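Undergrad: need coordinates for the below:
(one chain, ligands or ions: 1)
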Amino acid sequence: MSLISAFVWRSPIRTTSKWPLSACLRGSSAFSRTGTLSLSSHSTTRCAARSVTTNCTVAHRSFSTHERPGETEKARSEREKHSRVTQDQISFFLDRGYLVLDEFWDATELTAIRKQLEHLQSAGRLANVATAGDGKTHTEVPKNLQLCPLSPEADLFRSLPFSPKVAATLADLLLPDAENSNALLCYLSQVFWKPAHHGIGTSWHQDNAYFKVKDCQHATAMWTAVHDATKENGALEVIPAAWKQGGLPHHRDGNSDHHITCRDSVDETIAVSLEVQAGGVIFFNYLTPHCTRGNATDQPRAGIAYHFLPAASYRERQFPLPDDAEYVAPLIWDSAGIGRGKKEYGCIQDFDRDVHHVLTQ
Ligand SMILES: O=C(O)CCC(=O)C(=O)O
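TA: Take a look at the predicted model:
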């Protein structure tokens, strides 16, 4: 089997499921092994999170990164041209486990992303996963709206991971010592939407508690701020360098119908709050503990997260999705350069084209 077909599973029917990632985790054997149902209410204690001063503005590199074995000239030149990270930023990400890039998406791209997401929201595609402390009984208020997987919901969200700056930046962050065989896959995509006033947070967790892949410090989420993310409306918080501790114990979070949390193992006094303007992105590796708090403002706060991993770390998904959900883990980068998505989706993925399309609809 070819590399790509080995990493792609596609439902025979393309669907638009609105199940959130872990809605699907209910009843998962992996979950029930580690989970004890928590009846405690969501912690309302605000941590002593500090605002970080390490946000990195978009930096077009004025230098060449080191050569990589097996990389073609085309791949190297695409990396050089499209990556948005400097060597210092790569080093920061590899050590601290996260990185903020301001203004990653330009105003046109951001407008298209927001417009497409608002369309899904007003069409009722996002599901409330908040529960009344028992992990089961859904609440009307508060709300925690999610949609997973996001990619099948719109052409724009399918092509986003193939955007040259996404693929090239990830190649720099995740494949610093790439060998010939190395490649990157997009593993999952999802939306987190906190409505005004009543949006609750997502408790502390490591993404790999869901994914359970190996070498997960070389796998990352890319979280886009669709609206400005502030302490008041629930910006992401992370524990710097905590990925070095490895996987933490997780148990069920009673305020969600599926989430698990490692909040008992996290030292919140060293958390940093990653406030970022709309259009900025935050990368954090699969072992970086992170959370968000509630939205106390009169405007919604949304983020979209894509998860990436080296093909060498791929394992068949451990997180259940509905039977009819389209699940594809497309190749977005390999030693020949940026992926195009044709094998996975039957046509070339072109984010710029889809941005234009959304804005002219
Ligand atoms: O944006 C949020 O509210 C939660 C984000 C999150 O927990 C995640 O991306 O794993």
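Undergrad: let me know the average pLDDT across stretch 106-120.
TA: The pLDDT scores in stretch 106-120 average 98.
Undergrad: oh, and call the first residue 54 from now on, that's how I've got it
TA: Yep, numbering from 54; the last one is stretch 159-173 now.
Undergrad: that stretch: how far from the chain's middle?
TA: 17 Å (CA atoms, centre = their mean, to the nearest Å).
Undergrad: which positions in it come out as buried?
TA: 162, 163, 164, 165, 166, 167, 169, 170, 173 (16 or more other CB atoms under 10 Å). No exception for glycine: its C-beta is placed from N, CA and C like everyone else's.
Undergrad: try stretch 403-414
TA: Buried residues in stretch 403-414 (16+ other CB under 10 Å): 403, 404, 407, 408, 410, 411.
Undergrad: out of the residues you listed, which is nearest to the ligand?
TA: residue 404 (20.5 Å; CB to the nearest ligand atom).
Undergrad: just checking, the closest one touches residue 208?
TA: No - between residue 404 and residue 208 there is no contact, the gap being 9.4 Å when judged by CB atoms under 8 Å.
Undergrad: which residues belonging to stretch 242-250 are considered buried?
TA: Under the neighbour-count criterion of 16+ other CB under 10 Å, stretch 242-250 has 242, 243, 244, 245, 246, 247, 248 buried.
Undergrad: among those, which are in strands?
TA: Under the assignment DSSP state E, the buried residues of stretch 242-250 contribute 242, 243, 244, 245, 246, 247 to strands.
Undergrad: separation between the residue in the stretch 104-253 of the chain that the ligand sits nearest to and residue 396?
TA: Nearest residue of the stretch 104-253 of the chain to the ligand, counting by CB to the nearest ligand atom: residue 245, 3.3 Å away. To residue 396, residue 245 is 30 Å away according to CB to CB, to the nearest Å.
Undergrad: check residue 209 too.
TA: From residue 209 across to residue 396, the span is 20 Å (CB to CB).
Undergrad: what's the answer for residue 156, then?
TA: Counting by CB to CB - residue 156 and residue 396 are separated by 32 Å.
Undergrad: in TSV: the ones in strands among the buried residues of stretch 242-250, plus pLDDT.
TA: Shown next, in TSV, are these (pLDDT from 0 to 100):
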residue	pLDDT
242	97
243	97
244	97
245	97
246	98
247	97
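Undergrad: distance from the centroid: which residue in this protein tops it?
TA: Relative to the C-alpha centroid of the chain, counting by CA atoms, centre = their mean, residue 126 is the outermost residue, at 29.5 Å.
Undergrad: now it. Its backbone dihedrals?
TA: phi -60, psi -40 (degrees, to the nearest 10).
Undergrad: what are the ranges of the helices in the stretch 54-203 of the chain?
TA: 56-60, 82-87, 126-135, 140-149, 160-175 (DSSP state H, counting those that start in this stretch).
Undergrad: next, the buried residues of the fourth one.
TA: Neighbour-count burial for helix 140-149, with 16+ other CB under 10 Å as criterion, is recorded at 142, 143, 145, 146, 147, 149.
Undergrad: and which of those residues is nearest residue 214?
TA: Set against residue 214, the nearest of the buried residues of helix 140-149 by CB to CB is residue 146 (17.8 Å).
Undergrad: what about this structure, any weak spots by pLDDT?
TA: For the chain, the stretches with pLDDT under 70 are 54-120, 231-234.
Undergrad: find the centremost residue of it, please.
TA: Centre-most residue of the chain, counting by CA atoms, centre = their mean: residue 358, 2.9 Å.
Undergrad: partners of that residue in the sheet?
TA: residue 243, residue 276 (DSSP bridges).
Undergrad: so what's it up against?
TA: Residues near residue 358 by CB atoms under 8 Å, 6 or more residues apart in numbering: 242, 243, 244, 245, 274, 275, 276, 277.
Undergrad: next, count neighbours for the residue lying closest to residue 167 once chain neighbours are set aside.
TA: Nearest residue to residue 167, sequence neighbours excluded (CB to CB, 6 or more residues apart in numbering): residue 279, at 5.5 Å. Using other CB atoms under 10 Å, residue 279 is surrounded by 23 other residues.
Undergrad: torsion angles phi and psi at residue 279?
TA: With angles defined as degrees, to the nearest 10, residue 279 sits at phi -80, psi -30.
Undergrad: the one 5 residues further on now?
TA: When read as degrees, to the nearest 10, the backbone of residue 284 gives phi -60, psi -30.
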